[in-house]
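A.B. asks: Build me a model from this:
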Amino acid sequence: MTGAQSALLPDGRLHLQHGPMDLIVEAFGTPEAVRAAHARAIARFEGMLPALVAELPALRSEAPGPLRGRVAQAMAAAVAPFRPAFITPMAAVAGAVADAVCAALVAGGGLARAYVNNGGDIALWLAPGQALTAAIAARPGAPDRVRITHTDPVRGIATSGRGGRSLSLGIADAVTVLAATAAAADAAATMIANAVDLPGHPAITRRPAREIQADSDLGDRLVTCAVTPLAEADVAMALDRGAAFVRSLQARGLIAGAALFLQGAAQVTGPLMQQPVEPRLARV
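C.D. replies: Numbering: from 1, shown residues only. Below is the predicted model of the structure:
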């Protein structure tokens, strides 16, 4: 395994990469503050992957027990509210990494706003009076951007679904979630995507996760491999199931809102997901 790599992109953003971790970092402030912020982010990113790999067996477990690293502990904390349903800390790994790098990025002060985008799972930070607009999946009748202000209870955005980097138990094309942290949004997006489903439907092909990815934490659980075109009523039923789960998470204060997408249809919950937005303020 090669070491962590960092590079400054031509537009001033920072690119951090190590194995499966691929982060785009942007900080807004004076040139001196941004340079210092980048240095902190690089230092925090260094060694993060080996630390997680060292605890990987526990992180792939439903009951991981005590964890040593701060990122690993954040992963476990993010998935805990969803038990006793099946979920392992790996459901929050991308978001937890983004949170950790973002915290280091802004630790020295001097920035107006910042974000860390880890493959679509985003941690963000806003000074008073600041806002940031992020692009999300677009479908007719659903927003293609969301605007977060300093006063909103959201510092994390995450997307999961059948077309993402991870395997899914459900059939959602994509689920985008807003939450207090990227780790919390990441875990919730995974569970909501699982809830968008039509169990036993003949249009859905499933296989044991282990047959697709030998070391998957899902083991022999059936994951979705393909979904042929569904009737409009079936699409609505699957989205309704996911939306009902979203409302239960909102009632518990676990997320601020979500947008669910399946075969050209969408359901959106939460005021931030439904508001009109101004032109984009940041490339996220």
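A.B. asks: Looks to me like Ala185 is in a strand.
C.D. replies: No - read with DSSP: H, G, I helix; E, B strand; the rest coil, Ala185 is helix and lies in no strand.
A.B. asks: That one touches Ile148, doesn't it?
C.D. replies: No - using Cβ atoms under 8 Å, Ala185 makes no contact with Ile148, being 11.6 Å away. From N, CA and C alone the C-beta is placed, and that goes for glycine too.
A.B. asks: Please say which of the two ends up with more neighbours.
C.D. replies: Remark: of Ala185 and Ile148, Ala185 carries more neighbours, 34 against 26, as counted by other Cβ atoms under 10 Å.
A.B. asks: Give me the common contacts of Ala185 and Ile148.
C.D. replies: Counting by Cβ atoms under 8 Å, 6 or more residues apart in numbering, the shared contacts of Ala185 and Ile148 are 157, 178.
A.B. asks: Please enumerate the strands of the stretch 51-200 of the chain.
C.D. replies: With strands called from DSSP state E, counting those that start in this stretch, the stretch 51-200 of the chain shows them at 111-118, 121-126, 131-135, 145-149, 156-160, 174-179.
A.B. asks: export these to CSV and tack on mean pLDDT and distance to Pro64?
C.D. replies: Below are those laid out as CSV (pLDDT from 0 to 100; distance: least, Cβ to Cβ, whole Å):
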stretch, mean pLDDT, distance to Pro64
strand 111-118, 98, 21
strand 121-126, 98, 20
strand 131-135, 91, 31
strand 145-149, 91, 31
strand 156-160, 96, 20
strand 174-179, 95, 21
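A.B. asks: Pull the residues that contact the helix or strand where Ala238 lies.
C.D. replies: Using DSSP states H and E, Ala238 falls within helix 232-251. With contacts defined as Cβ under 8 Å, 6+ apart, helix 232-251 is touched by 170-172, 175, 188, 191-193, 195-198, 201, 203, 230, 255-258, 260, 262-267, 269-270.
A.B. asks: from the chain's centre, how far out does the helix or strand following that helix sit?
C.D. replies: Using DSSP H and E, the helix or strand that directly follows helix 232-251 along the chain is strand 257-262. Its chain's average C-alpha position is 13 Å from that of strand 257-262, according to Cα atoms, centre = their mean, to the nearest Å.
A.B. asks: for stretch 72-90, same thing?
C.D. replies: Averaging C-alpha positions (Cα atoms, centre = their mean) puts stretch 72-90 14 Å from its chain's average.
A.B. asks: From one end of that stretch to the other, what's the distance?
C.D. replies: End-to-end distance for stretch 72-90, by Cα to Cα, to the nearest Å: 9 Å.
A.B. asks: Nothing else from me, thank you.
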